Structures are given as C-alpha cells and as structure tokens.
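Visitor: what's the 3D shape of this:
(one chain, ligands or ions: 2)
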Amino acid sequence: MNNKKIKAILFDLDGVVLSTDHYHFLAWKQMADELAIPFTKTDNERLRGVSRMESLEIVLEKYTGAPLTAEEKVALAEKKNDAYRVYLRQMSPSDVADEVRDTLRELRRRGYRLAIGSSSKNARFILSQTEMTDFFDAIADGTDISRSKPDPEVFVKAAQFVNTDPAECAVVEDAFAGIEAAVGGGMLPVAIGSAVDCPMAVHKLTTFSDLLKLFN
Ligand code: BG6
Ligand code: MG
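Guide: Ligands and ions are numbered 1, 2, ... in the order given. Next up, the predicted model:
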C-alpha cells in the first residue's frame, strides 16, 4: 500500500496519543483485590485495545469465588469504570507530549484529515480533560460501535466520519488487536509501542514524530 494515497490518519487514543494504562491498572487492581483475584501489570497488558466487558472476562479468568450472574458482571465493570474515572478527572494537557501536539498540528497543516478510533467509552472525556478534542476532525469511540477491535468497525466509522475511503486511511495503533482491525478494514497499519512486534504492521514508529517522515 502506497503512503501517497493516504488522505486521513486514524489514531487509537490510549497508548498512542496519551497513556491511561496505569489508571486502567489501578482501577482493575482495586476491583481484583476485592475479589481476591491476582492481577499484575503483565495481566494489564492483555487488556490493551480490548473492550471493557472483554477486559472484565480476562480479569475474571483467575477468579475462584461463587459464579457471577450477568448483572453482577455489569456491576463490576461499572465499579471499575467509576474508579477509573476518578483517575481520569486528574488528567490535564500535561498528560500529552508536546511532540504529539506538534506532530498533529503539522500533519493537519499538510492537509491530512485526523480522527480518533478508540474502543474506549471514555475517549471523549479523556480528550476533553487533556484539551485534545480540537486536534481531530472526528471521533469514533466505544459508544459508536457494537464490535470491538480486532473488528475494524471503529476505524470504518472513523473513516466515514472524515468522508474518506478506507483505502486512503492510515491507522496508528499500539495494540495487536488494533493493527489487525486496520488490516481487516483495508487501511494502512502503522505500529507504535507494543504493536511494533505485530507481524501485520506495515510501518513501525520509533517515536510519534516519525509520522512526519511517512506522510509528507
Ligand atoms: C481501550 C483500552 O482504549 O479502551 C482498553 O486500550 C480498554 O484497555 C478499552 O479496556 C475500553 O475502555 P473504557 O474506557 O470504555 O472502559
Ligand atoms: Mg491503544
């Protein structure tokens, strides 16, 4: 796939534009401790790019208590989210690197449409806390989709929101599931962070501003 065809760049949020990993970890850990479930930072890595309810199922893999009803599981996910949002409320523009802001500004100056494609239902809140909403032409998030990554749905929606053919979109992702979603959606997969080990990634970034070398 040719970079020259690219007209829009679709960004995952968590782990790409900013990092909420540690807050997810603290909130899941709180819930896990209450249920005597072992939960480590390594376990937390498995939740990257995975939806909230799917994340809960992964955390519950080591649960040995009485069987939980569907309602109890929903309540647990809500409790985790309440704890997570307390951390999110502390986020501010300082949680985003200047390199990220400068790169996004320059990509936009070069004429690229920019969008968010995130599995998170908190994406809009996080973007607002960090004052990043206006850096993007559109936001597709966990509230817009019925199937989570690796399904391409969130990126297909983001491409629609910026009126761009998927074949003219690049996706920047830190999760294997997100790279797989980009490939499934017919988009150019660009990996950063943990996703650079994903064999499906076409381009690999060492640092966010490397995007300026790929898209000129
Ligand atoms: C993704 C994160 O962006 O959002 C996952 O990488 C998380 O770890 C998922 O589970 C869902 O987030 P939320 O905010 O809807 O619970
Ligand atoms: Mg991510």
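
Visitor: look up how far ligand 2 lies from the residue nearest to residue 152 when sequence neighbours are not counted.
Guide: The spatial neighbour of residue 152 that comes closest, neighbours along the chain excluded (Cβ to Cβ, 6 or more residues apart in numbering), is residue 185 at 3.2 Å. Where C-beta positions appear, they are placed from N, C-alpha and C, glycine not excepted. Computed as Cβ to the ion, to the nearest Å, the residue 185 to ligand 2 distance reads 16 Å.

Visitor: so residue 185 touches residue 166, yeah?
Guide: Yes. Shown here, residue 185 and residue 166 form a contact pair, counting by Cβ atoms under 8 Å, at 5.2 Å.

Visitor: list residues touching both of the two?
Guide: Jointly contacting residue 185 and residue 166 under the rule Cβ atoms under 8 Å, 6 or more residues apart in numbering are 152, 155, 156, 159.

Visitor: kindly indicate which of the residues you listed lies nearest ligand 2.
Guide: residue 155 (12.5 Å; Cβ to the ion).

Visitor: per-domain residue ranges of the chain.
Guide: Following automatic domain parsing, the chain resolves into domains at 3-19+93-214, 21-88.

Visitor: could you provide these in JSON lines, with additional columns for mean neighbour count and mean pLDDT?
Guide: Below are the domains of the chain laid out as JSON lines (neighbours: other Cβ atoms under 10 Å; pLDDT from 0 to 100):
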{"stretch": "domain 3-19+93-214", "mean neighbour count": "20", "mean pLDDT": "97"}
{"stretch": "domain 21-88", "mean neighbour count": "15", "mean pLDDT": "95"}
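
Visitor: mind putting the shared contacts of residue 185 and residue 166 into JSON lines with secondary structure and distance to ligand 2?
Guide: Output for the shared contacts of residue 185 and residue 166, formatted as JSON lines (DSSP: H, G, I helix; E, B strand; the rest coil; distance: Cβ to the ion, whole Å):
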{"residue": "152", "secondary structure": "coil", "distance to ligand 2": "15"}
{"residue": "155", "secondary structure": "helix", "distance to ligand 2": "12"}
{"residue": "156", "secondary structure": "helix", "distance to ligand 2": "17"}
{"residue": "159", "secondary structure": "helix", "distance to ligand 2": "18"}
